[in-house]
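Colleague: the following comprises the amino acid sequence and a computationally predicted model.
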Amino acid sequence: MAKVTREVVERAGVNVDQLVELLVANAAGELTTYYYYTILRVNLIGLKGEGIKEIAETARIEDRNHFEALVPRIYELGGKLPEDMKVFHDMSACPPASLPKGPTDINAILTVLVEAERCAVRGYTNICNLTGGKDHRTYDLSLAILNEEIEHESWFSEFLGEGPSGHFMRRGETSPFVSKFLR
């Protein structure tokens, strides 16, 4: 643990125990989403599914990167990950992005994907609101993740016909906002 780091964040007025709890829950959300998106991506088949598969894969890889970027900050603040994966899964900030009953229903899969992203957007917005102007490192990390989650949501919502977002799929680059935390 970075003792001074925790101390400074506490002095800035952040309830560090609450923050760590939120970070762990969001890390659980990222890792479980990575897992569930693997299953969803495999089921994106046919003419409509193949067009979405690459975007789902980008979101899947970036969610894994979000998990990897969150872990050091959790430990820096004196937190830790649960030793039991089942406990970790069940504390996820977002519900499981499970395969819908109709595994070939592309719109149902897209709905699962977009709702998972919307939950993540709400979660990281909350962390940014708690840490803005008080815990610069956690804020910067959460804002970087939030930027990517907003892009993920916009990609999937466009496929659902909810309107244009102005975002484009990235070519050859994953986690452009979070990559600086992965070095």
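Modeller: Ah, there it is.
Colleague: so where do the helices sit in the chain?
Modeller: With helices called from DSSP state H, the chain shows them at 3-11, 16-42, 46-76, 85-90, 106-131, 136-159.
Colleague: would you turn the ones you listed into a markdown table with distance to residue 98?
Modeller: C-betas here are computed from N, CA, C, even on glycine. Listed next are the helices of the chain as a markdown table, based on distance: least, C-beta to C-beta, whole Å:
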| stretch | distance to residue 98 |
| --- | --- |
| helix 3-11 | 35 |
| helix 16-42 | 6 |
| helix 46-76 | 14 |
| helix 85-90 | 12 |
| helix 106-131 | 7 |
| helix 136-159 | 16 |
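Colleague: can you pull out the low-pLDDT segments for this protein?
Modeller: Scanning the chain for pLDDT under 70 picks out 1.
Colleague: that older thread, nearest to residue 172, out of the helices of the chain?
Modeller: Closest to residue 172 of these is helix 46-76 (C-beta to C-beta; 10.3 Å).
Colleague: now do the buried residues in that closest one.
Modeller: When burial is assessed from 16 or more other C-beta atoms under 10 Å, helix 46-76 yields the following buried residues: 49, 52, 55-56, 58-60, 62-71, 73-74, 76.
Colleague: and for residue 153, the neighbour number?
Modeller: By the other C-beta atoms under 10 Å criterion, the neighbourhood of residue 153 contains 23 residues.
Colleague: with adjacent residues omitted, what lies nearest to it?
Modeller: Leaving aside its sequence neighbours, residue 153 sits nearest to residue 117 (C-beta to C-beta, 6 or more residues apart in numbering; 3.8 Å).
Colleague: equivalent analysis for residue 21, please.
Modeller: The spatial neighbour of residue 21 that comes closest, neighbours along the chain excluded (C-beta to C-beta, 6+ apart), is residue 79 at 7.9 Å.
Colleague: that neighbour against residue 26, yeah?
Modeller: No. Taking C-beta atoms under 8 Å as the definition, residue 79 is not a contact partner of residue 26, at 11.7 Å.
Colleague: between those two, which is the more surrounded one?
Modeller: Neighbours of residue 79 and residue 26, each counted by other C-beta under 10 Å, are more numerous for residue 26; the result is 25 against 19.
Colleague: tell me who's in contact with that one.
Modeller: When contacts are counted by C-beta atoms under 8 Å, 6 or more residues apart in numbering, residue 26 is found next to 66, 70, 93, 120, 123-124, 127.
Colleague: repeat for residue 104
Modeller: 43, 45-46, 49.
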